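Chemist: Build me a model:
(chains A and B)
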There are 2 protein chains.
Amino acid sequence: PPGRKVLIVYAHQEPKSLNGSLKSVAVEELSKQGCDVTVSDLYAMQFEPRATRNDIVGCLHNSEEFNYGVEAWEAYKRGGLSNDLIEEQKKVQEADLLIFQFPLYWFSMPAIMKGWMDRVLVQGFAHEFPNCYDSGLLKNKLALFSFTTGGSKEMYAKGGISGDIRYLLWPMQHGIMHFCGVKVLAPHICFAPEYASEEERKEMLIAWAQRLKTLWNEEPINCSPEWYFK
Amino acid sequence: PPGRKVLIVYAHQEPKSLNGSLKSVAVEELSKQGCDVTVSDLYAMQFEPRATRNDIVGCLHNSEEFNYGVEAWEAYKRGGLSNDLIEEQKKVQEADLLIFQFPLYWFSMPAIMKGWMDRVLVQGFAHEFPNCYDSGLLKNKLALFSFTTGGSKEMYAKGGISGDIRYLLWPMQHGIMHFCGVKVLAPHICFAPEYASEEERKEMLIAWAQRLKTLWNEEPINCSPEWYFK
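Modeler: Just a heads-up that it's a prediction; the model follows:
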């Protein structure tokens, strides 16, 4: 709806890929709805995935023994995080919905996107004990993981060799998003596009556009072990 | 035992950290046993986590549309991967045991280590359909995930707010290692060392050294949903 802000965090090297098209479809459909859409194109930005001392501007809180979590927290409080992190945090702060668009790498997100999680969602900004899970600092936001897989739907079925796809969503949806207070919409999964026909890939794009039309009416999933591991 | 080769893939920024000490303890104890120990110190190496075109030396298989998985596979077969990857693959090839030592970041490994998985374990080298899972190309090797957590043991208990720690091990142990044919030893977990006393942290190091003494007699875990989600 008009005025809603969406941040798409996108991790694919190739604009012509299905992931690239899924990202473009989302930008187009959400913009058409009147949403304000921002894209963080991680590879194009050459986003830094490594959590290092370079993320802290100026002096360290403890220069004797470097503790990334503590240093990032302290730096956040005094406005001393590196500029790339401050910019991403601004985008997150303003967003009502975060969409993560990526190809599944090793049952998880690509390292460049994991680095975005590691570095952007710092203590003080996204959570601060006891403000975690339902009272995480990013509450009132929504997140959606939209990804492609190498394996087929059958491999990721409950009795399949790779196990129910829900199992691998647990760290991302519960461990990261729910921990920060973000409510999670059902994932959007395109299974094995590399083995699909041109026609099937087109249908995948249409299905995504279709889902986005009524996305704002969706209820979040129940981020509990019962939902994931039933 | 004498002659066994161990690769420790280590991801912590600070040598004085508990992770740094756990790594040193492993080097010391395993060397004492006569093992040949190699360490990949990812932050010290400034290991690149991003999967990009830079990993492919020379011409691309398909320069119209970049597909990382396909390009890395083709490059592997013709010896055209970048040198940092060839070196890591050599270390993996020679190793009988892989130890991953890291602080848990967001229910997973730090991005720099995820990048090691994404870039080193390429198709052709670590797996090649149908050679995956029990017939993965790295069979006859062992792996062990050794990590520290922020949260307490109680938070990572079955009824705890973060869920059974086994849930988050699924992508790493089954999705990555088992997929490549590697047998997985029980994880070694130091819970919440930041809230532990100096004495308790010393005990953590002693317990790790102690476990390593009889490590070679251990049986791998059962990498099945039943083990993880019972």
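Chemist: Identify the residues contacting the spatially most central residue of chain A.
Modeler: Nearest residue to the geometric centre of chain A (Cα atoms, centre = their mean): A:F100, 3.6 Å. Contact analysis of A:F100 by Cβ atoms under 8 Å, 6 or more residues apart in numbering or on different chains lists A:8-9, A:11, A:109, A:113, A:143-147, A:172. The way it works is simple: take the backbone N, C-alpha and C, and place the C-beta from them, glycine included.
Chemist: now A:K213
Modeler: A:29, A:33 are the contacts of A:K213 under Cβ under 8 Å, 6+ apart.
Chemist: pLDDT at it, what is it?
Modeler: In the prediction, the pLDDT value recorded for A:K213 is 98.
Chemist: and if you look at A:E226?
Modeler: Looking at A:E226, the pLDDT reads 89.
Chemist: who's in contact with it?
Modeler: With Cβ under 8 Å, 6+ apart, A:E226 has no contacts at all.
Chemist: so it sits in a strand?
Modeler: No - A:E226: not assigned to a strand; according to DSSP: H, G, I helix; E, B strand; the rest coil it is helix.
Chemist: Regarding the residue lying farthest from the centre of chain A, what is its secondary structure?
Modeler: Computed with Cα atoms, centre = their mean, the residue of chain A farthest from its C-alpha average is A:E64, at 33.9 Å. Following three-state DSSP, A:E64 is assigned to coil.
Chemist: Contact partners for it?
Modeler: Going by Cβ under 8 Å, 6+ apart, A:E64 touches B:K16.
Chemist: Helix or strand: which one has A:V27?
Modeler: Assigned by DSSP states H and E, A:V27 belongs to helix A:18-32.
Chemist: Which strands or helices does that helix pack on?
Modeler: strand A:5-10, strand A:36-41, strand A:97-103, strand A:142-148, helix A:198-213 (3 or more Cβ pairs under 8 Å, 6 or more residues apart in numbering or on different chains; DSSP states H and E).
Chemist: List just the one of the ones you listed that sits closest to B:E94.
Modeler: strand A:97-103 (30.2 Å; Cβ to Cβ).
Chemist: ok and that closest one relative to strand A:142-148, angle-wise?
Modeler: 20 degrees (axes from the mean of the first three to the mean of the last three Cα atoms, to 10 degrees).
Chemist: tell me the mean pLDDT over strand A:97-103?
Modeler: Strand A:97-103 comes out at a mean pLDDT of 99.
Chemist: What pairs with it, parallel or antiparallel?
Modeler: strand A:5-10 (parallel), strand A:142-148 (parallel) (DSSP bridges).
Chemist: Could you pull out the buried residues of the lowest-mean-pLDDT helix or strand in chain A?
Modeler: The least trusted helix or strand in chain A, going by mean pLDDT, DSSP states H and E, turns out to be helix A:225-229, with a mean of 91. Of all the residues in helix A:225-229, those buried under the rule 16 or more other Cβ atoms under 10 Å in any protein chain shown are A:225, A:228-229.
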